[in-house]
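Enquirer: sequence first, predicted coordinates after that:
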Amino acid sequence: MASSPLVDSVAALGRLASELDTLGSVTEVYTRAVRAADRVLEFDTAIICTVEDGVFEPQASYTTRLIPASPLAADAGIAGKTHRENETHVVDDLTTHTDATPTSDTFRSVLSIPLENGGVVQFHATEPNAFSETDRHLGELFVATVTSARNRVSYESALETERDQFAALFENVPDAALQYHLEDGVHVVDAVNSAFIRVFGFDAEAVVGEPLTELIEPGETETRTQTQTQTVQDPSNTSTPSAAVPPHHQSATAGTTSTDYVQPQLVETKLSERADVEVVRETADGPRPFLLRNIPVATNDGTTRGYLIYTDLTDLKLRERELERKNERLDQFASIVSHDLRNPLNVADGYLDIALEDAPADVQPALAEIQDAHDRMERLIEDVLTMARGKTVDSPDPVDLDTVAAAAWDNVETDAASLETTSQLCIEADRTRLLQLFENLFRNAVEHAGPDVRVSVTELADGFAVEDDGPGIPPERCEDIFESGYTERAENTGLGLAIVEQIATEHGWTVAVPSADGEGTTDDTGARFEFTNCRLGGDADTDGETDRGLDRSLSTERDGADGERNHARENGHSHSHRYGYGHEHEHQHKFDWELTRHQLEGWR
């Protein structure tokens, strides 16, 4: 029985689809499809175009002769209409169609079919009414076949490119990495990168296909915590370990039987999800600490695959230990400052008090200068201890900002200065440290802006600001004021604002000295310190007098001696007593003034 032309065309489409499945590029797909199109349809010329930069660019064509023409705009002619409307158009006579812009008078009819993702496929004939409804359907099936093959090739090409990029990344990542799959519950190595070979000392060919437990060994610190099996030497075993296995791995298995040696369990074999774990592993250079990352990968074949990445932490651990040693030395320094410097200073104060009681009037001014020098030494000790013992505030409490500010104002000699608190803000802070921050800012304002300075504490969107009406900070010095030791007055320690910045940093706040022009405060705007990134707290204790009394008590040890000394001076004599300001467990040495008086009188 003879086949019909339609059956032959459909069969030709099937054969074309099989041919296109063997091709590896989009250009090959377009070229093969156009050349085989005459087995599906009857036409004189065929062309496949894609839209590139607003014009139709030919990708493949079937014709007996080329007709020179300028590139056709993507919205022009029958092709432009097909592309714009994304519909197939059959034109029976190009000479009478209003949208037609033929490049040659040779062609009278056209079958124009849209191509997915921008483009058209056109079949031309020299006779009018050349394409039937059946041709239309066959042409659309032809374009669908071409589109499917093109999309497959594009996907495979993109996938191959992605695989190549990932392979390059895997190979060049600086950390040791391996790819694995699970086979009967055992982690089997599929690939390793060059960093893995360098760190663990393997040959790449020797590790692929091997169980992970045969390659990776825990470091000594991990091995001690695991159950070990006594290794029994087998005199009959004279085999030499494989040259591909590094010595630090040979030692674990050499000279043992399979029943004598038990490989310590690896955390790698227990990880089923994405995880970061610190481990110690034996390497070609001995045990090293690593951050182990397990990255499981979903697959379509039901197998469990993934990647293990070993980031060497050796340098980080060395820096951590060095930092610990520095912190230990800093603690020792703080103890020396707290005990070994304060004790002689207390003794000197005691003798100075006795001398002040009996000194003639013409000597009193000189002794007062000595007293001022002692006071500055004490402030310097306090500031140095504060800088040395600063630490992150881990458990802040809701604190009423205005209450703490008012209490700090009471703790500072403010003379005729005034404070205005209008923030009504509650923030999360360490009350003691916040109190010290305000005291340093208020003291700085009085010392630099004068005894009648006006200071205000105001609220910001995510924090607060402390501002005065003094002469301000010169723009060229705004970057220096938080430096330790920076001061314009010889009697100051130069640590006050450095402590302010440190306390802000301990809380995670940002402190800045802004201005209207954004370059620093000017001489006529006053000094303004803005604290941002503050965590706003819930309801704090709103009993202002209670909070203020608590805040005063926090600074009693630090400031009580100054009050007693000032009171003594007002009554014509001097009295000095200092308190330690450090860790609670530090022993505070008290000076027996009466015993000192008797000793001095005896020496006289």
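Expert: Looks like it arrived, so ask away. What you see is a predicted model; the values in this text were computed from it and never measured. Numbering: from 1, shown residues only.
Enquirer: all strands for the stretch 351-500 of the chain, in order.
Expert: 397-400, 418-421, 426-429, 454-460, 463-468 (DSSP state E, counting those that start in this stretch).
Enquirer: give me the buried positions along the longest one.
Expert: Translated: strand 454-460. In terms of neighbour count (16 or more other C-beta atoms under 10 Å), strand 454-460 has its buried residues at 455-459. For glycine as for every other residue, the C-beta is placed from the backbone atoms N, C-alpha and C.
Enquirer: do the second one as well
Expert: Of the residues in strand 418-421, 419, 421 count as buried by neighbour count, 16+ other C-beta under 10 Å.
Enquirer: do the first one as well
Expert: Neighbour-count burial for strand 397-400, with 16+ other C-beta under 10 Å as criterion, is recorded at 398-400.
Enquirer: how about TSV for these, with pLDDT and distance to residue 125 added?
Expert: Formatted as TSV, those follow (pLDDT from 0 to 100; distance: C-beta to C-beta, whole Å):
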residue	pLDDT	distance to residue 125
398	93	85
399	92	88
400	94	90
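Enquirer: for those, give me a markdown table that also has distance to residue 423.
Expert: What follows is those, written out as a markdown table (distance: C-beta to C-beta, whole Å):
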| residue | distance to residue 423 |
| --- | --- |
| 398 | 14 |
| 399 | 12 |
| 400 | 9 |
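Enquirer: among the buried residues of strand 454-460, give me the pair with the biggest separation.
Expert: 455 and 459 (15.0 Å; C-beta to C-beta).
Enquirer: just give me the closest of the buried residues of strand 397-400 to residue 416.
Expert: Closest to residue 416, out of all of the buried residues of strand 397-400 and judged by C-beta to C-beta, is residue 400, at 26.3 Å.
Enquirer: hmm, that closest one is touching residue 429, no?
Expert: No: with contact defined as C-beta atoms under 8 Å, residue 400 does not reach residue 429; the gap is 10.2 Å.
Enquirer: residue 18: neighbouring residues, count only.
Expert: Applying other C-beta atoms under 10 Å, we find 9 residues neighbouring residue 18.
Enquirer: check residue 292 too.
Expert: 20.
Enquirer: need the strands of the stretch 351-500 of the chain in a markdown table with distance to residue 362, can you?
Expert: Converted to a markdown table, these look like this (distance: least, C-beta to C-beta, whole Å):
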| stretch | distance to residue 362 |
| --- | --- |
| strand 397-400 | 51 |
| strand 418-421 | 39 |
| strand 426-429 | 51 |
| strand 454-460 | 40 |
| strand 463-468 | 40 |
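Enquirer: looking at those, which is nearest to residue 193?
Expert: strand 426-429 (46.0 Å).
Enquirer: the closest one - what's its average pLDDT?
Expert: Mean per-residue pLDDT for strand 426-429: 93.
Enquirer: next: stretch 291-303.
Expert: Mean pLDDT, computed over stretch 291-303, is 80.
Enquirer: and the end-to-end length of that stretch?
Expert: Stretch 291-303 has an end-to-end distance of 26 Å (C-alpha to C-alpha, to the nearest Å).
Enquirer: just checking, what's the longest helix in this structure?
Expert: helix 133-172 (DSSP state H).
Enquirer: after that helix comes which helix or strand?
Expert: Sequence order places strand 176-183 as the next helix or strand after helix 133-172, per DSSP states H and E.
Enquirer: give me the buried positions along the helix or strand just after that next one.
Expert: Of the helices and strands lying after strand 176-183 in sequence (DSSP H and E), the nearest is strand 186-192. The neighbour-count check on strand 186-192 (16+ other C-beta under 10 Å) flags 187-189, 191-192 as buried.
Enquirer: which of those has the weakest pLDDT?
Expert: Minimum pLDDT across the buried residues of strand 186-192 is recorded for residue 187, with 85.
Enquirer: identify the bridge partners of it.
Expert: residue 182 (DSSP bridges).
Enquirer: that one contacts residue 180, correct?
Expert: Yes: using C-beta under 8 Å, residue 187 is in contact with residue 180, at 4.8 Å.
Enquirer: quick check: neighbours shared by the two?
Expert: residue 212 (C-beta atoms under 8 Å, 6 or more residues apart in numbering).
Enquirer: partner residues bridging residue 465?
Expert: Here residue 465 sits in beta bridges with residue 458, residue 530, going by DSSP bridges.
Enquirer: so how many other residues sit close to it?
Expert: 17.
Enquirer: look at it and report its pLDDT.
Expert: 93.
Enquirer: what does the one 10 residues further on give?
Expert: If you check residue 475, the pLDDT there is 74.
Enquirer: and the gap between it and residue 481?
Expert: According to C-beta to C-beta, to the nearest Å, residue 475 and residue 481 sit 11 Å apart.
Enquirer: neighbour-wise, which of those two wins?
Expert: residue 481 (23 against 15).
Enquirer: surely that one touches residue 495?
Expert: No: counting by C-beta under 8 Å, residue 481 stays clear of residue 495, with 11.6 Å between them.
Enquirer: got a list of what residue 511 touches?
Expert: Per C-beta under 8 Å, 6+ apart, neighbours of residue 511: 482, 500-501, 504, 529-531.
Enquirer: ok, residue 443 next?
Expert: Counting by C-beta under 8 Å, 6+ apart, residue 443 touches 412, 496.
Enquirer: so where do the strands sit in the stretch 201-350 of the chain?
Expert: Under DSSP E, counting those that start in this stretch, the stretch 201-350 of the chain gives strands at 275-283, 286-297, 305-312.
Enquirer: can I get those strands in CSV including distance to residue 407?
Expert: What follows is the strands of the stretch 201-350 of the chain, written out as CSV (distance: least, C-beta to C-beta, whole Å):
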stretch, distance to residue 407
strand 275-283, 45
strand 286-297, 46
strand 305-312, 49
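Enquirer: tell me which of these is the most buried.
Expert: Highest mean neighbour count of the strands of the stretch 201-350 of the chain: strand 305-312, a mean of 20 (counted as mean count of other C-beta atoms under 10 Å).
Enquirer: could you spell out the sheet neighbours of that strand, each with its direction?
Expert: If you go by DSSP bridges, strand 305-312 pairs up with strand 176-183 (antiparallel), strand 286-297 (antiparallel).
Enquirer: so, low pLDDT: which residues of the stretch 1-150 of the chain?
Expert: For the stretch 1-150 of the chain, residues meeting the criterion pLDDT under 70 lie at 1-3, 64-69, 103.
Enquirer: which one among the buried residues of strand 397-400 gets closest to residue 417?
Expert: residue 400 (21.8 Å).
Enquirer: mutual contacts of residue 475 and residue 481, please.
Expert: Joint contacts of residue 475 and residue 481 (C-beta under 8 Å, 6+ apart) do not exist.
Enquirer: apart from its neighbours in sequence, what residue is nearest residue 50?
Expert: In this structure, residue 50 finds its nearest non-sequential neighbour in residue 119, 3.9 Å apart by C-beta to C-beta, 6 or more residues apart in numbering.
Enquirer: which residues touch that neighbour?
Expert: Counting by C-beta under 8 Å, 6+ apart, residue 119 has contacts 48-51, 56, 59, 83.
Enquirer: tell me the spacing between residue 349 and residue 165.
Expert: 73 Å.
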